[in-house]
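*Asks:* Predicted model and sequence follow; I will ask about them next.
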Protein chains: 2
Amino acid sequence: MTKTGIGFIGLGARGLSLLETVVLPMKAADVVAVCDPYGDRAQKGADAVKAAGGNAVLETSYEKVIQNPAVDAVIIASAWESHVDIALHAMRANKAVAMEVGGAYGIEDCWKLVDTYEQTLTPFMFLENCCFGRREMMVLNMVEQGLFGEIVHCAGGYHHDLRREITFGRENRHYRLRNYTHRNAENYPTHELGPIAKILNINHGNRMLSLTSTASKAAGLHTYLQEHKPGDENLKNTVFMQGDVVTTVIKCAHGETITLTLDTTLPRFYSRGFTVRGTKGMYEEATDSVFLDGPQDGAYDFTWLKNQCQNAETYAAQYDHPVWKKYLADGVQGTHDGMDWLEFKIFFDCLQNKKPMPVDVYDAAAWMAVTALSEQSIALGSMPVAFPDFTRGKWVL
Amino acid sequence: MTKTGIGFIGLGARGLSLLETVVLPMKAADVVAVCDPYGDRAQKGADAVKAAGGNAVLETSYEKVIQNPAVDAVIIASAWESHVDIALHAMRANKAVAMEVGGAYGIEDCWKLVDTYEQTLTPFMFLENCCFGRREMMVLNMVEQGLFGEIVHCAGGYHHDLRREITFGRENRHYRLRNYTHRNAENYPTHELGPIAKILNINHGNRMLSLTSTASKAAGLHTYLQEHKPGDENLKNTVFMQGDVVTTVIKCAHGETITLTLDTTLPRFYSRGFTVRGTKGMYEEATDSVFLDGPQDGAYDFTWLKNQCQNAETYAAQYDHPVWKKYLADGVQGTHDGMDWLEFKIFFDCLQNKKPMPVDVYDAAAWMAVTALSEQSIALGSMPVAFPDFTRGKWVL
């Protein structure tokens, strides 16, 4: 069998890292074309392919990558704003799509993804790598085994101090700078929402009905610039529209709530704040702890946490997801604690064996919609706004 | 000087504990009258006073306690629903008030507290003991010293598994049962909100403007009953209105946000989730950690937390609040890690030396209002609702 021909679109930090540390060493496909609006980045991508023993055409636009007859599938790792246009273009040309994450700029974009998929039936996967995280999959496994009872509430956040990345966005040609300058939204919800949506069966017997979003003031980047880039004349007078902390609360059809926190412009340690609460137990990433219902009474008592903080690893032998048990035995590889490798392994397997993608276009539409809806809610003073049903009723089937 | 004469109103679990472990051993005042709707509870209170060498009249109603000429001040530790009526009655009789915490049943109750205080100028303190917690005061001290920079976001929760207390409410004659049966609100916001409000200078140059509240389904108590009280015919068919997890997001006049979580009917360990985020650093109770801005970059990295989890105690020698440094030197006493003792020490000091109360009627009104407003927001599908300004403009002075 000829290997799948990959067109790799977007070779900034994320794209090049995926190419070099995951897609090329995995050898499940041939990267046959690359492109990036910046020639030097595209060249680096082509060089990386060559260094791995392959040969990729350096195309001058994503359209040309998609037109290239050797390309069977595209990996989209370009700037947020370009994802949907490229994915639509590729699907219309029947080139399979693996699209990196980001939020939607409008609900219409989500509908276009769904409509175009339904018209073309081109394989589409949304690259939400955190759905393949070890703890996320362990907790999913525990939920599916009923350990936590009925799930009632979940929470997560993108707690990642990106002040340097954002404020050096011009030097690094990074899209976050312009987004933080102009928008105010839960701009990156999917890392935490993806695993939660899988746990809550979103689009499969459940759906997100409505949300509210509330943004704090924007003070973090201004303070950071004063200290770290006092001479930057361009940014000195920039007023960032993006609030430092955006809190979004989602209500689901079966009465579950989901709290999401965007938290990227204040000093802190990294976390995704993954939390799952059920009638029989809970998992909390902040303390990496599993709490199961038992004879203990919920008294005013700080000792449980002092003793059990970071106890989740003790559950791993029994509850690591089967996919991860195998992966650990085979040897974990690649970036982000192995999530990226596992994600692409599964993508190529589904693509080449014509299986349904584990994170599909309906997932993408629903999760990305959070950004557009949160922008609306913030603009309307935290008014609740309603989710469209991108499955057009098929979620109840 | 004659000691202050105290009328102790409400001798359930909380009242009796405060009486026996704080008010009586402190000997700053004489408990001269007690009452409770249940005669046996009132008798226990009178017995406790006698055992401590005092003598308290057992009155048959709170009105009679207030009328008692030996009573200078009342401590109100009765059921939630009765707090405001008793406090108004006492203030009108010029009997000083120390009122236990709870949420408001309506905004009008908050206004009545404020109006009656302004008409009578009777000393009034709201017994929010968590304002006197050691960590809460250490973090307040760090904030005041500028260590966290400009404060942008705070969070807290009442994470306390009360399933047993609630479902055995009939046997224990506890007010929570009827509240969880009929209401759906952030019913107990002040333990986490009080310390946050002090940090954000609420009522003193800042105020809470609006909130949204979203309630999850109510599943925790039903599951608990099936397992722990399968034969309870009264509760078997009870449909609890109170959602298991209620998430409330507050927006403040200076752009800060506050996230509050009510979380009392699912299995978990105790926590108040106290979190303070500024442009230069943070404190997080979940991990009991202090993170200060520094040369470290906010990379994808879980090692900081693995190494620094529970590091806050290392800051205590330098940053414990002066009040707590003295208290630790003198010897911490009483319940709830010493908060209750410190709170009453300060209450009696302010009362006897005619100083302003540290948690006053405007604090009480603003904080208690969260409950009434959250009930409105939930009923209206998470609509934002506006806070009244209980200071009538004096917050900008």
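*Replies:* Great, that's in hand. The structure presented is a predicted model; accordingly, all values stated were derived computationally and were not measured. Numbers count the residues shown, from 1 in each chain, chains lettered A, B, ... in the order given.
*Asks:* Around A:Val31, count how many other residues there are.
*Replies:* Look at A:Val31: counted by other CB atoms under 10 Å in any protein chain shown, it has 25 neighbours. The way it works is simple: take the backbone N, C-alpha and C, and place the C-beta from them, glycine included.
*Asks:* One more: A:Gln226?
*Replies:* 11.
*Asks:* Show me which parts of the helix or strand that contains it are buried, residue by residue.
*Replies:* Using DSSP states H and E, A:Gln226 sits in helix A:220-228. Neighbour counts using 16 or more other CB atoms under 10 Å in any protein chain shown place A:220-225 of helix A:220-228 among the buried residues.
*Asks:* So which other helices or strands are in contact with that helix?
*Replies:* helix A:163-167 (3 or more CB pairs under 8 Å, 6 or more residues apart in numbering or on different chains; DSSP states H and E).
*Asks:* So what does A:Ile6 have for phi and psi?
*Replies:* When read as degrees, to the nearest 10, the backbone of A:Ile6 gives phi -100, psi 130.
*Asks:* Contacts only, for it.
*Replies:* By CB atoms under 8 Å, 6 or more residues apart in numbering or on different chains, the residues touching A:Ile6 are A:23, A:29-33, A:71-75.
*Asks:* any idea how far A:Leu113 is from it?
*Replies:* 20 Å (CB to CB, to the nearest Å).
*Asks:* Not counting the one helix or strand A:Asn141 maps to itself, show me its contacts.
*Replies:* Following DSSP H and E, one finds A:Asn141 within helix A:134-144. With contact meaning CB under 8 Å, 6+ apart, helix A:134-144 is reached by A:130-131, A:148, A:151, A:195, A:198-199, A:274, A:276, A:278, A:281, A:283, A:285, A:288, A:290, A:312, A:315-316, A:319-324, A:337-339.
*Asks:* Model confidence for the residue of chain A most remote from its centre, exactly?
*Replies:* Distance from the centre of chain A peaks at A:Pro295, with 38.2 Å (CA atoms, centre = their mean). On pLDDT, A:Pro295 comes in at 77.
*Asks:* Below-threshold pLDDT in chain A: ranges please.
*Replies:* A:1 (pLDDT under 70).
*Asks:* How is it partitioned into domains?
*Replies:* Chain A resolves into domains spanning A:4-129, A:131-321+A:361-396 when parsed by automatic domain parsing.
*Asks:* just how off-centre is the first one within its chain?
*Replies:* What that stands for is domain A:4-129. Between the centre of domain A:4-129 and the centre of its chain there are 16 Å (CA atoms, centre = their mean, to the nearest Å).
*Asks:* Verify the assumption that the residue farthest from the centre of chain A is located in a strand.
*Replies:* No: using DSSP: H, G, I helix; E, B strand; the rest coil, the assignment for A:Pro295 is coil, not a strand.
*Asks:* quick revisit: among the contacts of helix A:134-144, name the ones in strands.
*Replies:* Among the contacts of helix A:134-144, the members found in strands (DSSP state E) are A:151, A:276, A:278, A:281, A:283, A:290.
*Asks:* which residues does the second one contact?
*Replies:* Taking CB under 8 Å, 6+ apart as the criterion, A:Val276 is in contact with A:139, A:143, A:148, A:151, A:154, A:196, A:199, A:282-283.
*Asks:* wait, which of these is closest to chain B?
*Replies:* A:Met282 (5.6 Å; CB to the nearest CB).
*Asks:* wait, doesn't that closest one sit right on B:Ser271?
*Replies:* No: applying CB atoms under 8 Å as the test, A:Met282 and B:Ser271 come out as separate, 11.4 Å apart.
*Asks:* In terms of packing, which of these two has more residues around it?
*Replies:* A:Met282 (27 against 23).
*Asks:* In contact with the more buried one, which residues?
*Replies:* A:148, A:275-276, A:290-291, B:266-268.
*Asks:* By neighbours, which of those wins?
*Replies:* B:Leu266 (30 neighbours).
*Asks:* Determine whether the claim that A:Tyr158 is in a helix is correct.
*Replies:* No: counting by three-state DSSP, A:Tyr158 falls outside a helix, being strand.
*Asks:* Now the residue nearest to A:Tyr327 when sequence neighbours are not counted, what are its backbone angles?
*Replies:* Spatially, and ignoring its direct neighbours in sequence, A:Tyr327 is nearest to A:Leu342 (5.8 Å; CB to CB, 6 or more residues apart in numbering or on different chains). Reported as degrees, to the nearest 10, the phi and psi values for A:Leu342 are phi -60, psi -40.
*Asks:* What distance do you get for A:Leu342 to A:Asp320?
*Replies:* Counting by CB to CB, the gap from A:Leu342 to A:Asp320 is 13 Å.
*Asks:* Kindly report the same for A:Phe168.
*Replies:* Distance, A:Phe168 to A:Asp320, using CB to CB: 38 Å.
*Asks:* So for the two, which sits in the more crowded spot?
*Replies:* Comparing A:Phe168 with A:Asp320 by other CB under 10 Å, the one with more neighbours is A:Asp320, at 20 against 17.
*Asks:* Now stretch A:111-118: buried residues?
*Replies:* Buried-residue list, stretch A:111-118, by 16+ other CB under 10 Å: A:112-117.
*Asks:* which other residues reach it?
*Replies:* A:84, A:87-88, A:91-92, A:122, A:124, A:361-362, A:364-365, A:368, A:388, A:390.
*Asks:* With stretch A:321-339 instead?
*Replies:* Stretch A:321-339 has contacts (CB under 8 Å, 6+ apart) with A:17-18, A:21-22, A:25, A:129-130, A:132-134, A:137-138, A:140-141, A:320, A:340-342, B:300.
*Asks:* about what we covered before: what sits against the residue nearest to A:Tyr327?
*Replies:* Listed by CB under 8 Å, 6+ apart, the contact set of A:Leu342 reads A:132, A:323-324, A:327.
*Asks:* Likewise for A:Asp232?
*Replies:* Applying CB under 8 Å, 6+ apart to A:Asp232 gives the contacts A:167, A:225.
*Asks:* what's in contact with stretch A:56-73?
*Replies:* In contact with stretch A:56-73 (CB under 8 Å, 6+ apart) are residues A:4-9, A:29, A:31-35, A:42-43, A:45-46, A:49-50, A:74, A:78, A:82, A:86, A:89-90, A:93, A:95-98, A:123, A:351.
*Asks:* Take that stretch, keep the C-alpha atoms, and write them as CSV.
*Replies:* Extracted in CSV, the C-alpha atoms of stretch A:56-73 (Å, rounded to 0.1, in the frame of the first residue of the first chain):
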residue,chain,number,x,y,z
ALA,A,56,8.4,17.5,0.4
VAL,A,57,7.6,20.1,-2.2
LEU,A,58,7.7,23.6,-0.7
GLU,A,59,4.4,25.0,-1.9
THR,A,60,3.7,28.8,-1.8
SER,A,61,0.1,28.6,-0.6
TYR,A,62,-2.2,26.2,1.2
GLU,A,63,-4.3,26.1,-1.9
LYS,A,64,-1.4,24.6,-3.8
VAL,A,65,-0.7,22.1,-1.1
ILE,A,66,-4.3,20.9,-1.4
GLN,A,67,-4.2,20.9,-5.2
ASN,A,68,-1.0,18.7,-5.2
PRO,A,69,-2.2,15.3,-6.4
ALA,A,70,0.3,13.5,-4.1
VAL,A,71,-1.5,15.0,-1.1
ASP,A,72,-4.2,12.7,0.4
ALA,A,73,-4.6,14.5,3.7
